[in-house]
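# I would like to see how this sequence folds:
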Amino acid sequence: MAFLGLFLAASLLFVEKHEGTVRALRVTPVHIAEYLAARSVTMGLLGVAFTAVLTLATRGPDVAWPGLLAAVFLYAAVVTLTTLAVANLFATMSQFLFTGIVVNLVLSLPAIGYWTPGFNPGWLKLIPTYPLLYGLREAYFPSGAAVAVGDALVQLSVTTVVVFVLAAWAFAWQSRREVA
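Okay, here's the model as predicted:
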């Protein structure tokens, strides 16, 4: 559900670029950080809402809700910020699409090690979303290893901050490039 931000955030960004909204932000008291935060929170809440509905419909109420919803919210923010940072470098959705999918698929690579335990090279663990899979498993099927959810939340929090800074830098860089 968190990947909803990939297409929705990019689509909104390109509509706003076309309408001149992003350019207009330069002359308003709204800082790009507020724009990025608003997009992240919106997509995070959408991810949480969809996850809650699907989880109730498929798994029922017996899950670790706080950890599950926090992990989905943070991952949706990471995907949204990553998407916005990359999409901002392109003029149209069609120019962005391939690159955006590749970048976000990199975030999904840890699933290889999760679904194929015999193939779990160390480099997969370097991808910031690696702990997410094990945190979500623990949230959905509690086994007493709540540390997995905590590890996922810590890693996603750090990743969110790093990607937020990179996205703000990408917007500032693009803004300077458009002026020049």
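# for the residue most central in space within the chain, phi and psi?
The residue lying closest to the centre of the chain (CA atoms, centre = their mean) is V79, at 1.9 Å. Phi and psi for V79, reported as degrees, to the nearest 10, are phi -60, psi -40.
# now swap in L89 and tell me
Dihedral angles (degrees, to the nearest 10) for L89: phi -80, psi -10.
# Tell me the spacing between it and A24.
19 Å (CB to CB, to the nearest Å). C-beta here means a position set from N, CA and C on the backbone, and glycine is covered the same way.
# The two: who's more crowded?
Set side by side, L89 and A24 show unequal neighbour counts under other CB atoms under 10 Å, the larger going to L89 at 14 against 11.
# contacting residues around that one?
96, 170, 174 (CB atoms under 8 Å, 6 or more residues apart in numbering).
# Against A170, how distant is it?
7 Å.
# Quick one: the helices in this protein, in order.
4-19, 21-24, 32-58, 65-87, 93-108, 110-115, 130-140, 147-179 (DSSP state H).
# avg pLDDT for stretch 124-144?
Taken as a whole, stretch 124-144 carries a mean pLDDT of 90.
# circling back: same list, the contacts of L89, but as TSV with neighbour count, distance to D151 and pLDDT please.
Formatted as TSV, those follow (neighbours: other CB atoms under 10 Å; distance: CB to CB, whole Å; pLDDT from 0 to 100):
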residue	neighbour count	distance to D151	pLDDT
F96	21	32	93
A170	19	28	91
Q174	17	34	84
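# neighbours around T21, how many?
14.
# Remind me what the one helix or strand in the chain whose mean pLDDT sits lowest packs against, helices and strands.
When each helix and strand of the chain is scored by mean pLDDT, DSSP states H and E, helix 21-24 comes last, with a mean of 80. For helix 21-24, the elements it packs on are helix 4-19, judged by 3 or more CB pairs under 8 Å, 6 or more residues apart in numbering; DSSP states H and E.
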